[in-house]
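Enquirer: Here is a sequence with its predicted model. Questions after.
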Amino acid sequence: MLIKAENIHKQYRMRGHVIPVLQGLDCVVSAGESLAITGKSGAGKSTLLHILGGLDRPDKQSGPVRIDGNDLYGGSAATRTRLRARKIGFVFQSYHLLPELDVLDNVMLPARAQAKKRVFMRQRAMDLLDAVGMQQRAGHTPLELSGGEQQRVAIARALMNDPRVILADEPTGNLDEETGGQVLTLLFDLVRKNDYALVMVTHNEQVAMTCNRHLHLERGVLGESGDVGQPGNGCMSKRNTPPG
């Protein structure tokens with residue numbers, strides 16, 4: 001299992017009130033598998049993704065969050081940052097590409113944080129751009145690309161350090177249906193080919209059903225639609241077959 005999160009709790013305090021978001025949630029995702037998570041706005045989907053990605057620490061009573069066997073919150077903040085850089089790639093709805101950099105330099109950014117040699121970084125980035133069909137646009141800036149092209153570049157950037165886990169937050173939210181379908185097919189192909197684990201948050205039920213598994217987040221726990229809100233459901237659900 002590449003992702004194993006146990007008994008995850010998260011609550012926020014706002015103006016003297018406690019707002020529970022995640023309440024004893026379990027989540028397990030294996031290599032080569034894609035999991036979609038849906039739920040109402042404010043249900044905690046992005047909070048869960050941030051906890052799985054090492055961006056937001058769960059509450060103290062929570063169990064461990066393990067990424068490829070490593071306890072994400074068991075060490076120092078510096079250790080967590082290194083683990084996140086090596087093991088986790090992020091894909092966001094709004095791409096988060098730096099407009100002042102060209103496509104190639106955007107893709108190389110994660111490797112620069114690890115001080116890798118530029119010759120290696122450049123070759124790796126060009127190989128990834130080729131894999132997502134964007135090698136010919138390496139010298140262009142993000143503003144010269146369509147939304148679908150920018151998301152392809154964002155996927156290449158997420159894979160730069162060859163992570164084991166891909167976390168995607170509404171990756172097709174800004175794309176039309178046809179372009180979004182192309183981006184999803186590309187993402188699923190890369191997950192299967194490289195045995196990554198993919199967790200995707202989406203509000204689109206049709207998009208969710210293209211993943212191997214589709215779970216709904218409600219009342220702080222994960223479960224199948226129509227069977228949510230019961231502790232212990234964890235990540236048990238029927239499997240779907242993604243396109244491609």
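Expert: Great, that's in hand. Numbering: from 1, shown residues only.
Enquirer: Show me the helices in the chain, by range?
Expert: 45-52, 77-87, 103-112, 118-131, 147-158, 177-194, 205-208 (DSSP state H).
Enquirer: how far off helix 118-131 does the fifth one point, in degrees?
Expert: In this structure, helix 147-158 runs at an angle of 140 degrees to helix 118-131, with axes from the mean of the first three to the mean of the last three Cα atoms, to 10 degrees as the basis.
Enquirer: Now do the contacts for the residue nearest the centre of the chain.
Expert: Compute the mean C-alpha point of the chain, and by Cα atoms, centre = their mean the closest residue is L167, 0.7 Å away. Taking Cβ atoms under 8 Å, 6 or more residues apart in numbering as the criterion, L167 is in contact with L49, L52, G53, I88, G89, F90, V91, L198, V199, M200. Any C-beta I mention is one placed from the backbone N, CA and C, and that applies to glycine too.
Enquirer: Surely the first one touches V201?
Expert: Yes. Between L49 and V201 a contact is recorded at 5.3 Å, counting by Cβ atoms under 8 Å.
Enquirer: Near Q114, how many residues? Count them for me, please.
Expert: By other Cβ atoms under 10 Å, the residues close to Q114 number 12.
Enquirer: Please apply the same query to S62.
Expert: 19.
Enquirer: do the same with I166
Expert: 25.
Enquirer: N212 too?
Expert: 21.
Enquirer: That one and P171, how far apart?
Expert: Distance of N212 to P171, given as Cβ to Cβ, to the nearest Å: 16 Å.
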